[in-house]
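# pasting a predicted model and its sequence here:
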Amino acid sequence: MAKVAVVGAGMTKFVRRAQETGPELSWQAAKMALDSAGLTLKDVDAVVIGSAPDAFDGVHMKGEYLAEGAGAWRKPCIRGFVGGGTGVFSPIQGWYHVASGQFDTVLVVCEEKMSSCHPHPQGAFITIFDHITERPLGPNLLWIFALEMNRYMTVHGITKEEIALVAVKNKKNALDHPCSQLGAELTVQDILDSEVLAWPVNRLDVSPASDGAAAIVMCAEHVAKRVSDKPVWVEGVGWHLDTAYWTNRDLYYPRYVEYAARMAYEMAGIKEPRKEIHIVEPYDPFDYKELHHLEGLLLCDRGQAARLTADGVTQRDGDLPVCPSGGLLGVGNPIAAAGLMKVCELFWQLRGEAGKRQVPGTPRRGLAQAWGDLMQVGTVVILGR
Amino acid sequence: MPERVAIVGVGYSDIRSITPGLSYKEMMYEAAVRAYEDAGVNPRKDVDSFISVSEDFWEGTSIFDEYIPDQLGAALRPVHTVSGDGIHGLACAAMLIHTGRARVVVVEGHSKHSDMRTPAHIHNFAYDPIYHRPLGAHPHHLAGLEMTRFLFESGNTREHCALVVKKNMANALLNPRAVYGARVSLRDVLEAPPTFSPLGELDIARPADGGFVMVLAGESVAGDLAGDPIWIAGYGWCTETPAIDSRLWGEAIYAQLAAKQAYRMAGITDPFRELDFAEVDDSFSYKELEHLEALGICRHGEAGGWLEDGLTLPGGDFPVNVSGGSLGGGHLLEATGLHRVHEVVLQLRGQAGENQLPDVERGLAQSWRNLPTTTGCVVILERA
Amino acid sequence: MTVKIKEWPGTALSSRDIEEGRVLTVRHKLRAEYEWDAGVAIGRYLRELKNGRLIARRCGGCERTLLPPRMFCEECFTPTSEWVYVGATGTVNTFSICYVRWDVVRLKEPLLPAVITVDGASPGMGILHLLGEVRPDDIRVGMRVQAVWKSPDEREGAITDIKYWKPIQGG
């Protein structure tokens, strides 16, 4: 199988409301990724676009709208879409473009401009529920997280205090990220005292709505060796989508994440992920999700992720740094762009270029994961140097 | 050299102008069952990956991929959607197989157009929100603009466009899968009420409901499956530009470049001689002519004359849209590309019934993502 | 690389930028209306709701009783085989106490969404619905509940024909 490298990465600041349009944000991230690889648009053979629901930007067929900003003018351009999992799926799609032998250099661009949706970006989520059996109940996105979080807490006997530690850690990590929207020094009490949105979810348990874009350049081995002295390699990819009948599943455990992870581990030849993965960027739109996902990724036993967090293992200088970027909770959550931001972070961390966020000991292998839909999809990318 | 890929199974759910009895899930299930039966695969065991093509606003559901897996037998399996045309999906499936990490991949696309009560408003939502949408025109007006410029530059005529309608609707009469077959005269088309002049009412393909599922397999396993394999010799896709003000209005660059990629892969240098027939996008009558020229099957400005001379009729040297196309068979939103591919596969298998062309070995299917896009795909399929 | 970048792209706007008209915006209200065909399985489900009953489908392959009903089993990928009425009682699998509406407007009285596993359907077969006639603090995972229906003349063949689910006394 052909080897595929990441040779460049770029991103915009994540902000509550950006002056730039979606195509402009896409262009800024794409340009930065190309510049960082010393490449231009002429070197790009194909473009992959990632963006979550069209309802955010308020444009139907959003991939077409973003195409030019993403550098796709007169090029093969495809938009893959797996809801919140998209940001980590797009590099998987970029991977198969290159690994198929059809393209040498592919630009992967993820964008979200959630602020366009009025009266509130949350409103776009009402239409993710089943149009006949669920929407008439007036659901909102917080419900599914609250229902899942409650189930997770109940089954394992985990407390809100233990979960809040994740928000504290990630928001603090984000203080070191130049693009972060919500970096902050907070205490567990601050999280618990923030207003209750949908018990057990409080406002500070949740990542913000954001505008932003991120991009990477992926290429074949022969190109990578020519253009980069520090390519980072795609070692494994995996994705799985569970049944849409989410109320028929036990939400305490994300088995679709486990299946996606197993697919990626198998490809990467990883037998003992807890020893062989050195840095993790799991999807953390809500604080409990980081714990939930660490378990699904088989990086700790079921119900044990909270303990790992309490013991400091997941701190930037811990044994298994988790979300050293600051994650979605701290950097911000322009959905697809946030997922790709995690892959950018691995790229910078593995190259020792993460600045103040650099984890000690120059990690050799990292994993990024995203999640989405009706608690249903897991997407996993493993990068190594 | 990546492994060759074949379409080893096809299935469709009956194409109708409306389908009130079935939900889109039940429709997809119908197509999937037929495709798996055709290929002789069990989706719960034999399929490595699933791809569905869809757009949220066509469905009325955000994050539509949520609702894909169950009716395809794809629950808790690698599934993703492509917000694009069916041939985009086909290309992704082929690439996945080329990587060597998947052997059997399923592609699905459907239209449940009749679920939309305000399709023009929804379609208009695809236009640029700042520059274009505030003008408030019906989304089809762009086709009127494009048709004017295309006819002006190419020298094809309004009558040539009417001939496309006449041909495709007549072809559809022989195709049991086509919904809008009719015997129409040139005058019927020319005298139909103008909509976005020079575009008339009959020049616009009417929407329909229906869907397709296709099973793709790499060469190493295709022989073991039940389905009669049709090989993918080449594929390509391209987006020109979303910008209305700077695109080329007179020719379909996206189709040119997509074809270039597909021909290079298939080793085709003279498409007219090396292909036997084509199913091309005819969402609007003039598009068939524009696309034929962009695909290099004939030269710029020749397509209308070819039709006049009967070259693209079923008995001609290079039959085009023998199935009836979208004008005769209904427009199926993102499934339109798979609609074209399905007809090519049936022809190459010799299963096209009354529309069957004699001795066809290799055909081309082409799609366009409709207004306001300049995105299109090409796939070349062959018997051996 | 990230340390070398002095100025990261992206320009944050404040709400004052908008209020004071320092940046321009374009507004559009989409008229998107759909009339989804419910299909065979959910069509019958809705008709039975109108009758004040919950109905499921049974799969002959895995022998699960599936709720909401479907004409095919996603596990076996075969057609389901028979209609089965299930009870209008069940167990709270998980719940939330929600103080905001879909557009994040604050609610005075919280909504009480829950996943309720329904008696008579296979274990774990739950549906999303609302709880009522209960103090939020009293809700527990595992609590037994029963459906509270609208009156027959108010029912229209919708999931909202059940007003909510209330605790079963002594349940």
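All right, it came through fine.

# A:A214: what's it in contact with?
A:9-12, A:29, A:87, A:109-110, A:337-338, A:340-341, A:343-344 (CB atoms under 8 Å, 6 or more residues apart in numbering or on different chains). Glycine gets a C-beta too; all of them are placed from N, C-alpha and C.

# among those residues, which are in helices?
A:29, A:87, A:337-338, A:340-341, A:343-344 (DSSP state H).

# so where do the helices sit in chain B?
So, for chain B - with DSSP H - the helices run B:24-39, B:56-59, B:86-98, B:119-124, B:141-154, B:158-173, B:186-190, B:219-222, B:253-266, B:271-274, B:285-294, B:303-308, B:325-329, B:336-349.

# just give me the residue closest to the centre of chain C.
With distances taken as CA atoms, centre = their mean, C:L128 lies nearest the centre of chain C, 3.7 Å away.

# give me the pLDDT for that one.
On pLDDT, C:L128 comes in at 98.

# got it, and A:T362?
Reported pLDDT for A:T362: 83.

# buried members of the ones in helices among the contacts of A:A214 into ChimeraX, please.
In ChimeraX, a selection of the buried entries from the ones in helices among the contacts of A:A214 looks like this (16 or more other CB atoms under 10 Å in any protein chain shown):
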select /A:29,87,337,338,340,341,343,344
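
# ok, the ones in helices among the contacts of A:A214 vs chain C, which is closest?
A:A29 (7.4 Å; CB to the nearest CB).

# for the stretch 101-250 of chain A, just list every one of the helices.
A:141-156, A:160-174, A:188-193, A:221-227 (DSSP state H, counting those that start in this stretch).

# picking that back up, what would the helices of chain B look like in TSV with mean pLDDT and mean neighbour count?
Below are these laid out as TSV (pLDDT from 0 to 100; neighbours: other CB atoms under 10 Å in any protein chain shown):
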stretch	mean pLDDT	mean neighbour count
helix B:24-39	97	23
helix B:56-59	96	24
helix B:86-98	98	29
helix B:119-124	95	19
helix B:141-154	96	19
helix B:158-173	98	23
helix B:186-190	97	15
helix B:219-222	93	17
helix B:253-266	98	23
helix B:271-274	98	16
helix B:285-294	98	29
helix B:303-308	98	22
helix B:325-329	98	31
helix B:336-349	98	27
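
# using JSON lines, lay out the ones you listed together with distance to chain A.
As requested, the helices of chain B are exported to JSON lines (distance: least, CB to the nearest CB, whole Å):
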{"stretch": "helix B:24-39", "distance to chain A": "9"}
{"stretch": "helix B:56-59", "distance to chain A": "4"}
{"stretch": "helix B:86-98", "distance to chain A": "4"}
{"stretch": "helix B:119-124", "distance to chain A": "6"}
{"stretch": "helix B:141-154", "distance to chain A": "13"}
{"stretch": "helix B:158-173", "distance to chain A": "25"}
{"stretch": "helix B:186-190", "distance to chain A": "29"}
{"stretch": "helix B:219-222", "distance to chain A": "14"}
{"stretch": "helix B:253-266", "distance to chain A": "6"}
{"stretch": "helix B:271-274", "distance to chain A": "19"}
{"stretch": "helix B:285-294", "distance to chain A": "13"}
{"stretch": "helix B:303-308", "distance to chain A": "22"}
{"stretch": "helix B:325-329", "distance to chain A": "18"}
{"stretch": "helix B:336-349", "distance to chain A": "13"}
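
# now render those as TSV, adding distance to B:I230.
Listed next are those as TSV, based on distance: least, CB to CB, whole Å:
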stretch	distance to B:I230
helix B:24-39	11
helix B:56-59	28
helix B:86-98	12
helix B:119-124	33
helix B:141-154	32
helix B:158-173	21
helix B:186-190	34
helix B:219-222	10
helix B:253-266	13
helix B:271-274	17
helix B:285-294	22
helix B:303-308	26
helix B:325-329	19
helix B:336-349	5
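
# rewinding a little: shouldn't the residue nearest to the centre of chain C be within a strand?
Yes. Counting by DSSP: H, G, I helix; E, B strand; the rest coil, C:L128 is found in a strand.

# I figured it hits C:L112, correct?
No. Assessed by CB atoms under 8 Å, C:L128 is found out of contact with C:L112, at 11.8 Å.

# and the pLDDT for C:T2?
Predicted confidence (pLDDT) for C:T2: 65.

# next: A:M32.
Confidence score, pLDDT, at A:M32: 97.

# phi and psi next, for it.
phi -60, psi -40 (degrees, to the nearest 10).

# give me the beta-bridge partners of whichever residue of the stretch 201-350 of chain B sits closest to chain C?
Proximity of the stretch 201-350 of chain B to chain C (CB to the nearest CB) peaks at B:D209, 9.0 Å away. Going by DSSP bridges, B:D209 is paired in beta bridges with B:R16, B:K112.

# neighbours around it, how many?
27 (other CB atoms under 10 Å in any protein chain shown).

# what do you get for the one 4 residues further on?
By other CB under 10 Å, the residues close to B:V213 number 32.

# next one: it from B:V8, what distance?
Distance of B:V213 to B:V8, given as CB to CB, to the nearest Å: 12 Å.

# repeat that for B:Y286.
36 Å.

# quick one: buried residues of the longest helix along chain C?
Criterion DSSP H: the longest helix present in chain C is helix C:39-50. Judged by neighbour count (16+ other CB under 10 Å), helix C:39-50 contains these buried residues: C:39-46, C:48-49.

# chain center to that helix: distance?
On the basis of CA atoms, centre = their mean, to the nearest Å, helix C:39-50 sits 16 Å off its chain's mean C-alpha point.

# same check on stretch A:118-129?
On CA atoms, centre = their mean, the centre of stretch A:118-129 falls 20 Å from the chain's centre.

# again with stretch B:188-200
On CA atoms, centre = their mean, the centre of stretch B:188-200 falls 24 Å from the chain's centre.
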